[in-house]
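Undergrad: this one's sequence-less:
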């Protein structure tokens with residue numbers, strides 16, 4: 001089954017302990033077209049310990065961006081294609097299209113029979129998949145180096161020649177697959193509906209993040225063949241895509257294959273434009289309850305925060321680690337270890353292309369009242385607001401975040417994905433050093449300030465309770 005969303009590391013910079021809730025959530029994203037010579041910028045790499053991802057970036061006349069990174073350490077190569085379209089580009093009433101196409105793109109195209117895409121690449125030793133998120137959809141293959149031309153040809157065929165084979169039967173089949181995935185990953189998994197309960201309250205109607213990535217059953221059922229074809233023509237064109245190739249390949253050969261297979265694919269019928277999304281603020285705390293087939297309740301706190309690479313984004317990552325990043329973090333030590341009243345705690349900063357939110361969730365131990373646990377958690381958060389974190393806490397958070405970010409570069413697929421991520425969101429594939437420097441600059445006073453600014457603001461509080469136990473709902477009252 002294709003992944004609905006990527007792992008958290010693929011979606012962000014693998015923020016530590018953003019994993020628990022963010023994995024349940026699921027998982028990033030216009031670069032300048034000026035070519036960058038391979039190995040550019042290495043002369044000023046001496047002023048930081050951060051590695052440089054040497055690359056070349058250029059564009060075909062049809063607008064397709066290409067990023068090349070040579071890594072001869074192992075005879076493997078990765079092709080990572082990002083389409084700048086995610087659930088945030090859908091329209092209310094027509095949600096789930098980006099994820100639907102993640103499935104359809106593996107169903108064959110004009111020159112590739114149904115099932116052959118997987119079969120031919122797997123026969124060549126490739127590992128293939130795709131993922132969908134709020135801001136982008138990606139497709140990726142990791143394979144022995146000699147399979148690179150096959151992967152590029154297959155990716156080009158589905159980019160340029162998918163619609164001629166797109167019919168009602170194929171749409172119906174993949175729509176049913178997506179619906180079943182929704183049942184398995186959202187409707188029939190404990191706490192699976194929490195995110196789609198929170199988002200439309202946290203964000204106003206029509207906001208790109210006000211619905212969850214997988215879409216609704218009603219919208220999937222209502223989608224017509226013309227609807228999905230129109231969506232494809234708009235967003236799955238070369239001028240709305242970037243291909244990153246990383247690994248063991250010959251640069252001249254790779255460029256020739258890219259030109260041969262992708263060069264004749266026409267641009268989309270119109271340029272993709274996205275409206276400016278205004279800032280969002282909640283007027284007051286909002287308390288929600290959701291009944292679910294769970295054994296233990298869980299409380300979710302969600303605040304508006306900062307979008308990716310905004311000034312406070314990195315500081316919020318550090319704050320999340322200080323709160324629930326390891327066994328010495330504030331919430332874990334207090335609630336799980338010292339008081340032994342919580343089963344699990346998580347905190348993370350979600351940073352999207354247009355907006356962000358900060359999440360804390362707490363699962364009480366059996367017999368513990370969610371209202372009391374919520375008050376204890378709120379008290380720990382208030383301590384961070386009232387008093388600066390220690391230098392030891394700060395160093396531990398920074399070191400772990402740095403390690404996790406660099407860990408993304410441990411293989412060719414991670415490098416390709418990171419180059420694509422920086423290209424779309426930061427506007428420059430060569431943003432690794434600046435990314436690391438953001439965390440180096442974070443101070444204890446910064447962490448206290450963002451805790452006060454964001455976690456002191458109105459929030460959405462959702463209590464997921466066992467069916468029939470709405471009396472366990474957390475409210476704003478203090479007992």
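TA: Noted; the coordinates are in hand. Everything quoted here is computed from the prediction, not taken from an experiment.

Undergrad: how many neighbours does residue 330 have?
TA: Neighbourhood size, residue 330 [other C-beta atoms under 10 Å]: 21. (C-beta placed from N, C-alpha, C; glycine too.)

Undergrad: Repeat that for residue 184.
TA: 13.

Undergrad: can you give me the strands in the stretch 201-350 of the chain?
TA: Here the stretch 201-350 of the chain has its strands, by DSSP state E, counting those that start in this stretch, at 241-247, 286-292, 298-304, 342-351.

Undergrad: The third one pairs with which strands?
TA: When pairs are called by DSSP bridges, strand 298-304 turns out to pair with strand 356-364 (antiparallel), strand 460-466 (antiparallel).

Undergrad: what comes up buried for it?
TA: Across strand 298-304, burial judged by 16 or more other C-beta atoms under 10 Å covers 298-304.

Undergrad: quick one: it to strand 342-351, angle?
TA: If you take axes from the mean of the first three to the mean of the last three C-alpha atoms, to 10 degrees, strand 298-304 sits at 20 degrees to strand 342-351.

Undergrad: related to what we said a few turns ago, using CSV, lay out the strands paired with strand 298-304 together with distance to residue 318.
TA: Listed next are the strands paired with strand 298-304 as CSV, based on distance: least, C-beta to C-beta, whole Å:
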stretch, distance to residue 318
strand 356-364, 12
strand 460-466, 23
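
Undergrad: Burial-wise, tell me which of these comes out on top.
TA: Comparing the strands paired with strand 298-304 by mean neighbour count (mean count of other C-beta atoms under 10 Å), strand 356-364 comes out on top with a mean of 24.

Undergrad: circling back to that earlier point, in CSV, list the strands paired with strand 298-304 along with mean pLDDT and distance to residue 260.
TA: Output for the strands paired with strand 298-304, formatted as CSV (pLDDT from 0 to 100; distance: least, C-beta to C-beta, whole Å):
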stretch, mean pLDDT, distance to residue 260
strand 356-364, 98, 41
strand 460-466, 97, 51
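
Undergrad: For residue 429, which of those strands is the nearest?
TA: Among the strands paired with strand 298-304, strand 356-364 comes nearest to residue 429, with 22.0 Å by C-beta to C-beta.

Undergrad: Would you map out the domains in this protein?
TA: By the record's domain assignment, the chain is partitioned as 8-262, 286-409+429-472 (automatic domain parsing).

Undergrad: Which of these has the lowest mean pLDDT?
TA: Ranked by mean pLDDT, those bottom out at domain 8-262, with a mean of 84.

Undergrad: Centre of the chain to that domain, how far?
TA: With C-alpha atoms, centre = their mean, to the nearest Å as the basis, domain 8-262 stands 11 Å off its chain's centre.

Undergrad: Ok, stretch 458-469 next?
TA: On the basis of C-alpha atoms, centre = their mean, stretch 458-469 sits 25 Å off its chain's mean C-alpha point.

Undergrad: Check what contacts it and list those residues.
TA: Contacts of stretch 458-469 with the rest of the structure, by C-beta atoms under 8 Å, 6 or more residues apart in numbering, involve 191, 194, 197-198, 201-202, 281-303, 370, 374, 472-474, 476.
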